[in-house]
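# Sequence below, structure please.
(4 chains)
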Protein chains: 4
Amino acid sequence: MKGFGSDNHSGVHPKLLQSIIEANIDHAPSYGSDVWSEKAQQSLAQLFGGKISTFFVFNGTAANVLSASAMVRPWNSIFCSDLSHLNVDECGAPEFFAGCKLLPLPSKNGKISLESLKSSLIRRGDQHHSQPKAVSLTQPTEYGTVYTTEEIRAICDWAHSEGFYVHIDGARIANAIVSLKTDFKTHLSESGVDVLSFGGTKNGMLFGEAVVFLNPDLAKDFTFIRKQAAQLPSKTRFIAAPFATYLENNLWHEIAQHSLRLAEKLEGLVGDIPGVQITQPVQSNVVFAIIPQKWVKPLREKYFFYVWDEKTFECRWMISFDTTEQDVEGFAQALTVLSKG
Amino acid sequence: MKGFGSDNHSGVHPKLLQSIIEANIDHAPSYGSDVWSEKAQQSLAQLFGGKISTFFVFNGTAANVLSASAMVRPWNSIFCSDLSHLNVDECGAPEFFAGCKLLPLPSKNGKISLESLKSSLIRRGDQHHSQPKAVSLTQPTEYGTVYTTEEIRAICDWAHSEGFYVHIDGARIANAIVSLKTDFKTHLSESGVDVLSFGGTKNGMLFGEAVVFLNPDLAKDFTFIRKQAAQLPSKTRFIAAPFATYLENNLWHEIAQHSLRLAEKLEGLVGDIPGVQITQPVQSNVVFAIIPQKWVKPLREKYFFYVWDEKTFECRWMISFDTTEQDVEGFAQALTVLSKG
Amino acid sequence: MKGFGSDNHSGVHPKLLQSIIEANIDHAPSYGSDVWSEKAQQSLAQLFGGKISTFFVFNGTAANVLSASAMVRPWNSIFCSDLSHLNVDECGAPEFFAGCKLLPLPSKNGKISLESLKSSLIRRGDQHHSQPKAVSLTQPTEYGTVYTTEEIRAICDWAHSEGFYVHIDGARIANAIVSLKTDFKTHLSESGVDVLSFGGTKNGMLFGEAVVFLNPDLAKDFTFIRKQAAQLPSKTRFIAAPFATYLENNLWHEIAQHSLRLAEKLEGLVGDIPGVQITQPVQSNVVFAIIPQKWVKPLREKYFFYVWDEKTFECRWMISFDTTEQDVEGFAQALTVLSKG
Amino acid sequence: MKGFGSDNHSGVHPKLLQSIIEANIDHAPSYGSDVWSEKAQQSLAQLFGGKISTFFVFNGTAANVLSASAMVRPWNSIFCSDLSHLNVDECGAPEFFAGCKLLPLPSKNGKISLESLKSSLIRRGDQHHSQPKAVSLTQPTEYGTVYTTEEIRAICDWAHSEGFYVHIDGARIANAIVSLKTDFKTHLSESGVDVLSFGGTKNGMLFGEAVVFLNPDLAKDFTFIRKQAAQLPSKTRFIAAPFATYLENNLWHEIAQHSLRLAEKLEGLVGDIPGVQITQPVQSNVVFAIIPQKWVKPLREKYFFYVWDEKTFECRWMISFDTTEQDVEGFAQALTVLSKG
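Numbering: from 1, shown residues only, chains lettered A, B, ... in the order given. Alright, predicted model coming up:
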């Protein structure tokens, strides 16, 4: 049964599964010395337009916390949004892996501002105080909103002027690129982002994410960081091959475009239903809305989704690569029926 | 090209890949609440004959070090073999994750003895000295040899009498079970093993291992240990479904039996070749042998393998699920040719 | 030169130094097996009225973070005030030692409320979210204010009902006891506090703090936690002897009473000076006040102190055991002169 | 009662205690910004003859493990002797603080050799294997023996040629300098040592050790490493003042000379007693000897000491700054009596 629970409730995109089947021939060197890894790394280098360094890991938590380990030492801290996945959904993994401190900042529609970063920067050089060294932004945010290229660039410029690195949690980064009608090079490389968690799992892959160092100096020790963190896949070809396919013929763009279009369609269909209040700008593959509490149960029986805020009954409706026009229309129809009592 | 490099150079067993393809339908709850996880857990429970607790993780390093995290606190130490994977091939992951100390013991053919365990047990309760709390055995060992059920049981009995836990690094555990003509329940559950890293990747899976707590008390906090360690797979069904298939109709037995037989065949074919000296008892899917240094290069050009000891030129020839009679015969033939100069 | 910078700018109280001199005889067993340690532990047991477990460590950071290590595992989190020493003045030590997460709550006059604790308690049992396991309160707070016995008890009752522990950062705990006209047993033991960092250094000792487990179950592994954390003093007698003296004949009470009285005197003398605005209730050995920016430099040339808030020019004036009536009068006089411009 | 248990069973040297008393005046800035710290740091700089960087910490465990934290990252390992304090007497503190791995090497009379270092260096750059980055030597060793300046220099030269750092655990370093009739500059600075744990506690101080970075590049982040590790003393003057006194007028030399002379005297007096077998060269303030098991109890009733090896009854007799000629003579006399049955 399909629903709007999460873009990891869906399975594997047929083309990505096909790439696994095709990579399943003979023997291949393990731990990333295979030809599929080389190909995927080349595709990524082309996408980002320069000298980058790419490492595959198993999941998004790993991509984020190992990026943190590459950027900071234990006495450092990392600015992030108060509701960032890094802060509230990793069970304390950043603190555990990097030994560091997170500095959660208040967010608006999921985004933090340059102003709040600047005003939170205190006690530089004071040995009693954990020293900031990095900023982590989620793009698109946990609310599906996106930072503009100008916003990313301004934060990077400021961060670098302070000696900080910038990390992007891009579990759904392709969706932001498509939403902003930009490209990876312009949006990330040229803005000065240092390291990106490039998401695969939530975009139709079976598993696997790429840690992409746009600032390759940061990658110096990453082979050891990854191995010691139990994130070195042995049969890497089965992550690399889907990544290569994802980047070929703009499959990434096609999937993200599809998801964005259906999210906008969903917003259009339900936005005017009495009782439904869209709460966040729809800028990627998700719609957030408050609905009457009594609608939740009957609606979830038809289509699974998460209640994001148990107090306000703000709900999250997530589009996947395999969500169809019919799914969206059926969901809107179910809401319409509920609204008519 | 196929070789004898490692059982993770091979790809995915056709039946296991098929199980992934079949699990790729519709949406499924993420993080292990899916029906495939339930099925695989039930099959494991049946295999081990009792109340166990199973958790899927991405790879063998994780299975081993998270087992360690479940058994010990940072001021504890873990007995293991001096050449165990845990000690020499995890880039310090046990120390990093569990904060603990490893106590490597001298090994013979890869095995440690109850006697050396007993004699290494010093300074109990001395606050200056890291306190032993667990024993980790690799079964089969890194040299392919196996502990008998009696040996496992004796070590477990002693360990428990001292208040220690016993962990088995079972990256290739099925091979030991077949080699010993025993079963999981007799060999592990009834011997008193507390936790097992049940390997999948080296037995034909795409990825994924199971941490099997035969002592379910140890599993109490493992959901949090796993998540904080970045080892909670989101699309768990794609690890669970192959595991279920692996356990169905004794596929595990078939694969291990095949590998063992070909290893024995290889031993038989090359053991008498002048210049080849078999160095370890062949008890699972691997043959270790010393060959003349000058043979290494020409032989590796035909069949990749690892030189295990750069000083003695002891080599490791590993059989995979997809190794064929012809591969083994061809390899023996190549050795014969070399031996004739 | 004396000032109002901190109660660790002062040296060693004469009676406490004398106790060190007197303990400097012959040889004594190291690492806490000496008679002074026994005596100090007995005095503490008497003070707290029950079965407690006491461990000496070097400093306050250690007392706090090792208490944390005793209470939580890495996937746990600890509630504390947003401006607690634990959160902002330990350079990330709690995250580093315990691997855990801090959950800073908004504070009023340095205190957090039971209401904010209750409303911050979310996602119990959710493996993606760090699980709260402890509350840490600073008593007196970083602003010198005190929690009443009723407030402590209510927080303990709630915490225990949720399965949480309660820690008190008592770097200046004696000042709170005197301010509240209560005793250690009533205020802490009977309220249900689990573990206390009992401060010595800021109360006239040369160095050393006691970690007092009122809940002795928590102390089970503490000898190892302490040693592994590099906090086991070898010549423990020189921490223990001063602690014993501090507790004898109520020296602790005398010092705290003196400090409290002078803080109140300072408040009385400066509270009405035009331009001086007392910002926090004076409930222990410190006065917080906003003064005009231009007064800061000339005033600090006579008496050192810290500007607590660089934006509002809220200043902290801290009383030590050796602050005199004349010091306070001289300081007030200097302020009066400045106010007359 | 005095004995031969340890040089931390003795108390505080009168001159060092006097320096504490004299430093106990007025207020002083905390955390190392005081005049005593400046003076001690200057004296150390003079002693080592160059640009060094010094940090005071509470104890020897801290000096050693924080030196480790400055030298390595978690995926690194440190060579040390199999019986080094670092390896067997810190309850796993190096692994806990630095997250790294220790590589214990076999020792002879407590010393490791350049040859064993060289032959243990394997798998450079292999991501599966923890990468060596430092060598830690104890000088004098746990057996009281000393490395010659040439030995230290040869190990440093080799280490640096491999990109490794060299740390000296110098809990009793002054004793080695006196024993070798050398000086700190020649023996340590000019040999190329990178960082030294300069012991105070075991040489008559109340507490406190100095971490001396002869390679000041290593000190870059040490203020944060120290603070986060709970090792920043607030009233630093009470560690710094004794250190300054210890270095003035060669008090360090006087104490070490006294201890060495009495150790040699003890060796001379007991070496020929039938039943006593000196087991280690006497090169600093300790004598190791095997005695008949039945002598242990009566001898320890008169003079406390440790049985070092419970199997061979090798005993350790440690000289302190306050050990007298009479103590040594009395002890030898007691042994003589025992030998006569």
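# hey, let's count contacts and neighbours off CA atoms from now on
Fine.
# Can you get me a residue count around the spatially closest residue to residue A:5 that is not a sequence neighbour?
For residue A:5, ignoring the flanking residues on the chain, the nearest one in space by CA to CA, 6 or more residues apart in numbering or on different chains is residue A:305 at 3.9 Å. The number of residues packed near residue A:305 is 18, by other CA atoms under 10 Å in any protein chain shown.
# list the contacts for residue A:305?
By CA atoms under 8 Å, 6 or more residues apart in numbering or on different chains, the contact set of residue A:305 is A:3, A:4, A:5, A:6, A:315, A:316, A:317, A:318.
# how far away is it from chain D?
41 Å (CA to the nearest CA, to the nearest Å).
# For the residue of the stretch 201-341 of chain A found nearest chain D, give me its contacts.
Nearest residue of the stretch 201-341 of chain A to chain D: residue A:224, at 5.4 Å (CA to the nearest CA). By CA under 8 Å, 6+ apart, the contact set of residue A:224 is B:91, D:75, D:127, D:128, D:130.
# any idea whether it is helix, strand or coil?
Secondary structure assignment for residue A:224 (DSSP: H, G, I helix; E, B strand; the rest coil): helix.
# and it, how far is that from residue A:230?
According to CA to CA, to the nearest Å, residue A:224 and residue A:230 sit 10 Å apart.
# near chain C, which residues of chain A show up?
Neighbours of chain C within chain A, by CA under 8 Å from any CA of the partner chain: A:74-76, A:88-93, A:95-96, A:99-101, A:127-131.
# Show only the entries of those residues found in helices.
Among the residues of chain A next to chain C, the members falling in helices (DSSP state H) are A:88, A:93, A:95, A:96.
# Most neighbours among these, which one?
Using other CA under 10 Å as the neighbour test, those are led by residue A:93, with 33 neighbours.
# Now do the contacts for the nearest residue to that one once chain neighbours are set aside.
Nearest non-adjacent residue to residue A:93, counting by CA to CA, 6+ apart: residue B:228, 4.5 Å away. Contacts for residue B:228 (CA under 8 Å, 6+ apart) come out as A:90, A:91, A:92, A:93, A:96, C:75, C:128.
# ditto for residue A:302
By CA under 8 Å, 6+ apart, the contact list for residue A:302 reads residue A:3.
# Kindly report the same for residue A:301.
Residue A:301 makes no contacts at all, as judged by CA under 8 Å, 6+ apart.
# SS state for it?
Residue A:301 - assigned by three-state DSSP - is helix.
# So which residues of the stretch 151-300 of chain A form helices?
Under the criterion DSSP state H, counting those that start in this stretch, helices of the stretch 151-300 of chain A are mapped to A:173-179, A:184, A:222-228, A:237-247, A:251-270, A:293-302.
# can you check the stretch 1-150 of chain A too?
A:14-23, A:35-48, A:60-71, A:85-88, A:93-98, A:114-119, A:149-161.
# Let's have the ones you listed in CSV, adding mean pLDDT.
Output for the helices of the stretch 1-150 of chain A, formatted as CSV (pLDDT from 0 to 100):
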stretch, mean pLDDT
helix A:14-23, 98
helix A:35-48, 97
helix A:60-71, 98
helix A:85-88, 98
helix A:93-98, 97
helix A:114-119, 98
helix A:149-161, 98
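# looking at the ones you listed, which is closest to residue C:168?
helix A:93-98 (22.8 Å; CA to CA).
# what's next to the closest one, contact-wise?
A:61, A:64-66, A:68-69, A:72-74, A:86, A:100-102, A:229, B:227-230, C:74-75, C:95-96, C:99-101.
# Quick check: the residue lying closest to residue A:261 once chain neighbours are set aside vs residue A:273, distance?
Using CA to CA, 6+ apart and skipping the chain neighbours, the partner closest in space to residue A:261 is residue A:285 (7.9 Å). Going from residue A:285 to residue A:273 by CA to CA gives 20 Å.
# Comparing these two, which shows the higher neighbour count?
Of the pair residue A:285 and residue A:273, residue A:285 is the one with more neighbours under other CA under 10 Å, namely 29 against 16.
# how about the residue positioned nearest the centre of chain A, what does it touch?
Nearest to the mean C-alpha position of chain A, counting by CA atoms, centre = their mean, stands residue A:171 at 2.0 Å. Neighbour list for residue A:171: A:60, A:139, A:197, A:198, A:199, A:200, A:201, A:202 [criterion: CA under 8 Å, 6+ apart].
# The fourth one and residue A:208 touch, don't they?
Which is residue A:198. No. Residue A:198 is not in contact with residue A:208 according to CA atoms under 8 Å; the separation is 9.3 Å.
# Spell out which parts of the stretch 201-341 of chain A neighbour chain D.
Counting by CA under 8 Å from any CA, the stretch 201-341 of chain A sits next to chain D at A:223, A:224, A:225, A:227, A:228.
# Mind picking the one among these that's closest to residue D:160?
If you rank those by distance to residue D:160 using CA to CA, residue A:224 comes first, at 21.3 Å.
# pLDDT score for that closest one?
In this prediction, residue A:224 carries a pLDDT score of 98.
# any idea how far residue B:92 is from it?
In terms of CA to CA, residue A:224 sits 10 Å off from residue B:92.
# that older thread, the contacts of residue A:305 in strands, which ones?
Per DSSP state E, strands hold the following members of the contacts of residue A:305: A:315, A:316, A:317, A:318.
# May I have the beta-bridge partners of the last one?
I take that to be residue A:318. Counting by DSSP bridges, residue A:318 is bridged to residue A:286.
# Was I right to think it contacts residue A:5?
Yes. In this structure residue A:318 lies within contact range of residue A:5 using CA under 8 Å: 6.0 Å.
# Not counting sequence-adjacent ones, nearest residue to the residue of the stretch 1-150 of chain A found nearest chain D?
The minimum distance from the stretch 1-150 of chain A to chain D, using CA to the nearest CA, falls at residue A:127 (5.4 Å). Closest residue to residue A:127 apart from its sequence neighbours, by CA to CA, 6+ apart: residue D:224 at 5.4 Å.
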